[in-house]
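> any chance you could fold what I've pasted below:
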Amino acid sequence: MPFHAGFAEVDISPVTFPVRTYLGKQESIDDPIFAHAAVFRTGDEVAAVVSIDVVIVEWEYVERIRRLVTKGCGI
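Numbers count the residues shown, from 1 in each chain. The predicted model follows:
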């Protein structure tokens with residue numbers, strides 16, 4: 001059975017400021033912020049691993065990301 005793997009990187013840097021941070025608000029960013037994904041498939045089984053270049057992701061955003069991935073990718 002074949003094994004497939006795919007990888008992606010997307011710049012998710014904010015475009016409007018200020019943004020809320022762990023310590024308050026930020027008026028700009030120094031470096032781009034990325035989301036990375038690795039997706040693996042064999043037969044009917046699919047697994048995805050997603051990482052985001054941030055320290056904290058609030059639960060409401062985790063749920064939203066999961067809904068969007070399910071809707072857009074069927075995972």
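> okay, which residue is most central for this protein?
Nearest residue to the geometric centre of the chain (Cα atoms, centre = their mean): Ala35, 4.3 Å.
> bridging residues for it?
Assessed by DSSP bridges, Ala35 has beta-bridge partners Val10, Ile52.
> that one touches Val50, doesn't it?
Yes - Ala35 lies in contact with Val50 (Cβ atoms under 8 Å); the separation is 6.5 Å. Bear in mind the C-beta positions are built from the backbone N, C-alpha and C, glycine included.
> how much space between the residue nearest to the centre of the chain and Glu27?
In this structure, Ala35 and Glu27 are 22 Å apart, going by Cβ to Cβ, to the nearest Å.
> strands of this structure, residue ranges please.
Remark: strands of the chain, listed N- to C-terminal, are 3-11, 19-21, 24-26, 34-42, 45-52; assignment by DSSP state E.
> between those, which gets the lowest average pLDDT?
Within the strands of the chain, confidence is poorest for strand 19-21, with a mean of 87 (mean pLDDT).
> show residues contacting that one.
Contact with strand 19-21 is made by Lys25, Gln26, as judged by Cβ atoms under 8 Å, 6 or more residues apart in numbering.
> who does that strand pair up with?
Strand 19-21 has its sheet partners listed here by DSSP bridges as strand 24-26 (antiparallel).
> now do the residue nearest to Val55 when sequence neighbours are not counted against Pro2, distance only.
Using Cβ to Cβ, 6 or more residues apart in numbering and skipping residues adjacent in sequence, the residue nearest Val55 is Tyr22, 6.1 Å away. Spatial separation of Tyr22 from Pro2 under the definition Cβ to Cβ is 43 Å.
> what sits against Pro32?
Under the contact definition (Cβ under 8 Å, 6+ apart), the residues listed for Pro32 are Asp11, Ser13.
> mind checking how far it is from Ser13?
As for Pro32, its distance to Ser13 is 5 Å (criterion: Cβ to Cβ).
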